[in-house]
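A.B. asks: Have a look at this prediction, sequence included:
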Amino acid sequence: QVQPVESGGGLVQAGGSLRLSCVASGRTLSNYATGWFRQAPGKEREFVAAITWRGANTFYTDSVKGRFTISRDNAKNTLWLQMNSLKPEDTAVYYCNAVDLRTYTLHPDFNSWGQGTQVTVSS
């Protein structure tokens with residue numbers, strides 16, 4: 001099983017930027033669409049962004065379009081999420097994993113999550 005390790009979170013003021021990174025150890029994510037999910041306190045985990053395994057296509061939830069950019073480097077088994085113009089409603093723990101592009105949920109070949117990285121946006 002893949003063990004994602006997310007990093008780059010922190011506390012930032014509204015309007016600021018953060019760049020999240022994800023390195024996957026164990027089973028590679030190179031042959032899968034990969035993306036970011038987030039979970040805010042008291043809410044279910046939700047899809048944020050995804051990128052196809054060759055990096056040709058990207059997908060975003062409406063609330064982050066134009067503000068977030070997803071990218072990957074398969075040679076480094078690394079995924080990034082550049083987050084600009086952050087808003088307080090972006091506050092959540094962010095996780096990376098393989099994505100099922102039919103449903104924008106965790107790919108059925110995977111069943112574990114990493115620790116995530118906390119993003120807190122103050123108003």
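C.D. replies: That came through fine.
A.B. asks: how about low-confidence regions in the protein?
C.D. replies: 1, 26-27 (pLDDT under 70).
A.B. asks: can you pull out the strands in it?
C.D. replies: 2-7, 10-13, 18-26, 34-39, 46-51, 58-60, 68-73, 78-83, 92-100, 105-106, 117-122 (DSSP state E).
A.B. asks: how about TSV for these, with mean neighbour count added?
C.D. replies: All C-beta spots, glycine's among them, are computed from the backbone N, C-alpha and C. Shown next, in TSV, are those (neighbours: other CB atoms under 10 Å):
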stretch	mean neighbour count
strand 2-7	18
strand 10-13	13
strand 18-26	18
strand 34-39	24
strand 46-51	22
strand 58-60	17
strand 68-73	18
strand 78-83	21
strand 92-100	23
strand 105-106	16
strand 117-122	17
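A.B. asks: give the contact list for the spatially most central residue of the chain.
C.D. replies: Per CA atoms, centre = their mean, the C-alpha nearest to the average position across the chain is that of Trp36, at 2.0 Å. Residues in contact with Trp36 (CB atoms under 8 Å, 6 or more residues apart in numbering) are Leu20, Cys22, Val48, Ala49, Ala50, Ile70, Leu79, Leu81, Tyr94, Tyr95, Cys96.
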